[in-house]
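S.K.: please find the sequence and the predicted model below.
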Amino acid sequence: MAASEGRLYVGLEISTQQVKLIAVNDHLKIVCEENVKFDADLPEFKTTGGVNIHDDGLTVTAPPLLWLKAVDLLLERLKSSGFEFSKVVAISGAGQQHGSVYWKRGSREVLQSLDPEKCYASQLGSCFSVKDSPIWMDASTDEECKQVETNIGGPFKLCEITGCRAYHRITGNQITKIFKRKRDDYNNTERISLVSSFGASLFIGDYAPIDESDGSGMNLLDLKSRCWSKECIDAFSIVDLETKLGPVVPSATCIGTISNYLVQRFGFSTECKVIAFTGDNPASLAGVRCRNGDVIISLGTSDTVLLWLHEPKASIEGLCLVNPLQTKDYMGMLCFKNGSLARERVRNDSASGSWDEFEKHLESTPPGNSGNIGIYFFVPEITPNAVGIFRFDKQDKKVDAFDAAVEVRAIVEGQLMAKRIHSENLGYKLGDKGRILATGGASSNKALLKVLSNIFNHPVYVQTVANSACLGSAYRAKHGYFGGEISFQEVVDNAPVDLECRANPDPAAVVVYNELCNRYRHLEQQIANNNE
């Protein structure tokens, strides 16, 4: 795999709040970054955080026209800055997961014959049968979720086939809602894309296939066969769905070369390869250069855990997806709604609103919190399905309150033990060679990272480069460029070192947490049972 100073690999991400692009050279050094923020740069769409929340408070959408205009603006900014499009040999990308785009009849012909003198928005803006695309934040499909789980034989059966139960945001349920409530729009739809394959379609000038990893988050793909599941399609009771979805391909597939439109308008090389786009979470797996045994934990507004798995394990919590980096493997994904906002609430109540005081409280208390356990679901949690604040002493008896330092350690230990327990439920096995890759705001808290390291019995690393999904797309572009001749790990072996080890496990504390995790598992299960 000889390096060439002239070659560039591009990653593009259509996220919830912006479109981002990162270009790397053969040594995987970032040479260009650009972004367009939806709210600030395209205020005419009146989005908040990149989305439109409807009057019912449940329906959340974003118009594809917004994404078109953002891509137009991004490419024009690159052109104005002197970016050398001709050096790009491969491009891949990511899209916010679960969102769907509905191309109306006749749109393929438009895609294939774009005028290089005009922008995307002016030519494709009227090509959508559904003007406002449902996205991952939407919670308006309760009826559709119940329907498919009943028709298939229960949530566990759906998990066995597709890797997850019928969550509101999952694409199959969103398509069902449109089929039932906007039948004319559905009938006028020629192709249904995910946000990821929508993005890829712009670059090949044709309908792009859905990749296996993003496609496995739709309740429609059979995880084992990697094909659309007839049983699930029948359970959704949607006419002509498989035809509208089109083919599904492995994530590292070269789906074509760059369109003539982009060659003529911006000067891309006619030989530039387009590698299948995937979801933002699978792309993040690539961006942190995840390897077998690693756990990625994002400590943000909501907390997210990504896992490398060898086998799918049916579980009614979390999602199991096809691994975008190793086609025979899988990845698990867990979301916890009570993330940083819950930690901030305890900080405000028990640490005078100060993160420094919060950290001092954490350092002043022993691992295991003298046997005290706290479980904090300030808002309804999804992992597990429960709500409420629960405190237990070392004999597992409920108590009304902890003192300030115990409260701080209780929320940190409780949240992090939950991540270990639910990761194990999804099939993750603690091993000797694993790492924790921590991202998000709370990854700067050294005392918290020490607890995390002790609970998982793994060293904790923090990545110093942001935008992991976009960067991962650039890495995936290089991987796909070489056509699967080498592994993804070999591709990223020479990437600049951007991981710093921030914590290592203490053997004595590991023993304490192994015992405490068993107790936490039992107590959380009791709470979940009582909330049913």
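M.R.: Great, that's in hand.

S.K.: which residues does the residue lying closest to Glu190 once chain neighbours are set aside contact?
M.R.: Excluding the flanking residues, the one nearest Glu190 by Cβ to Cβ, 6 or more residues apart in numbering is Arg105, at 4.6 Å. Placement of C-beta: from N, CA and C, glycine included. Applying Cβ atoms under 8 Å, 6 or more residues apart in numbering, we find Arg105 in contact with 129, 188-190.

S.K.: which of those residues fall within helices?
M.R.: The members of these all map outside helices under DSSP state H.

S.K.: just the buried subset of those residues, written out for PyMOL, thanks.
M.R.: Selecting only the buried entries of those in PyMOL, with 16 or more other Cβ atoms under 10 Å as the criterion:
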select buried, resi 129+188+189+190
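
S.K.: could I get the contacts of Arg105 in a markdown table, plus columns for pLDDT?
M.R.: Below are the contacts of Arg105 laid out as a markdown table (pLDDT from 0 to 100):
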| residue | pLDDT |
| --- | --- |
| Ser129 | 98 |
| Asn188 | 98 |
| Thr189 | 98 |
| Glu190 | 98 |
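
S.K.: including distance to Ala447, could the contacts of Arg105 go into TSV?
M.R.: Converted to TSV, the contacts of Arg105 look like this (distance: Cβ to Cβ, whole Å):
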residue	distance to Ala447
Ser129	52
Asn188	56
Thr189	52
Glu190	55
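
S.K.: now, among the contacts of Arg105, which is nearest to Val460?
M.R.: Thr189 (45.8 Å; Cβ to Cβ).

S.K.: surely that closest one touches Ser129?
M.R.: Yes - under the criterion of Cβ atoms under 8 Å, Thr189 makes contact with Ser129 at 4.6 Å.

S.K.: what's the overlap in contacts for these two?
M.R.: Counting by Cβ under 8 Å, 6+ apart, the residues touching both Thr189 and Ser129 are 102-105.

S.K.: who wins for neighbours among those residues?
M.R.: Neighbour counts for the shared contacts of Thr189 and Ser129 (other Cβ atoms under 10 Å) peak at Tyr102, which has 27 neighbours.

S.K.: run a quick neighbour tally on the closest residue to it other than its chain neighbours.
M.R.: Nearest non-adjacent residue to Tyr102, counting by Cβ to Cβ, 6+ apart: Val130, 4.0 Å away. When neighbours are defined as other Cβ under 10 Å, Val130 has 23 of them.

S.K.: contacting residues for Met417?
M.R.: Residues in contact with Met417 (Cβ under 8 Å, 6+ apart) are 455, 513, 516-517, 520.

S.K.: can we see that at 7 Å?
M.R.: Shown in contact with Met417 (Cβ atoms under 7 Å, 6 or more residues apart in numbering): 455, 516-517, 520.

S.K.: give the contact list for Ala276.
M.R.: 200, 209, 211, 249, 251, 253, 255.

S.K.: oh, that last question was meant for Leu319, not what I typed.
M.R.: Taking Cβ under 7 Å, 6+ apart, we find Leu319 in contact with 163-164, 217, 333.

S.K.: re earlier: what's the closest of the contacts of Ala276 to Ala509?
M.R.: Nearest to Ala509, judged by Cβ to Cβ, of the contacts of Ala276 is Ser251 at 38.1 Å.

S.K.: would you confirm that Lys478 contacts Tyr9?
M.R.: Yes - with contact defined as Cβ atoms under 7 Å, Lys478 counts as touching Tyr9 (4.4 Å).

S.K.: in the stretch 101-250 of the chain, which spans are helices?
M.R.: With DSSP state H, counting those that start in this stretch as the criterion, the stretch 101-250 of the chain has helices at 107-112, 120-124, 142-152, 155-162, 171-181, 183-187, 195-204, 212-215, 230-236, 241-245.

S.K.: show me which positions of the third one end up buried.
M.R.: If I follow you right, that is helix 142-152. For helix 142-152, a neighbour-count test (16+ other Cβ under 10 Å) marks 144-145, 147-149, 151-152 as buried.

S.K.: for it, packing partners?
M.R.: helix 155-162, helix 171-181, helix 230-236 (3 or more Cβ pairs under 7 Å, 6 or more residues apart in numbering; DSSP states H and E).

S.K.: closest to Arg77 out of those helices?
M.R.: Closest to Arg77 of the helices and strands packed on helix 142-152 is helix 171-181 (Cβ to Cβ; 30.9 Å).

S.K.: got the buried residues for the closest one?
M.R.: 171-180.

S.K.: now distance to Ile297 and pLDDT too, for those, in TSV please.
M.R.: Shown next, in TSV, are those (distance: Cβ to Cβ, whole Å; pLDDT from 0 to 100):
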residue	distance to Ile297	pLDDT
Thr171	25	98
Gly172	28	98
Asn173	27	97
Gln174	28	98
Ile175	31	98
Thr176	33	98
Lys177	32	98
Ile178	34	98
Phe179	37	98
Lys180	38	96
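
S.K.: tell me which of those residues is nearest to Arg435?
M.R.: When these are compared for distance to Arg435 (Cβ to Cβ), Thr171 wins out at 31.4 Å.

S.K.: ok, the closest residue to the closest one other than its chain neighbours - contacts?
M.R.: Closest residue to Thr171 apart from its sequence neighbours, by Cβ to Cβ, 6+ apart: Met218 at 4.0 Å. By Cβ under 7 Å, 6+ apart, Met218 lies in contact with 170-172.

S.K.: from these, pick the one nearest Asn530.
M.R.: Ranked by distance to Asn530 (Cβ to Cβ), those are led by Ile170 at 26.7 Å.

S.K.: ok, back up a step: save the contacts of Leu319 as JSON lines, and put in pLDDT too.
M.R.: Conversion of the contacts of Leu319 to JSON lines gives the following (pLDDT from 0 to 100):
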{"residue": "Gly163", "pLDDT": "95"}
{"residue": "Cys164", "pLDDT": "95"}
{"residue": "Gly217", "pLDDT": "96"}
{"residue": "Met333", "pLDDT": "94"}
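
S.K.: and for Leu211, the neighbour number?
M.R.: One thing to correct before we go on: residue 211 is Asp, not Leu. So Asp211, with other Cβ under 10 Å, has 29 neighbours.

S.K.: I'd guessed it sits against Thr278; true?
M.R.: Yes - if you go by Cβ under 7 Å, Asp211 and Thr278 touch, sitting 4.9 Å apart.
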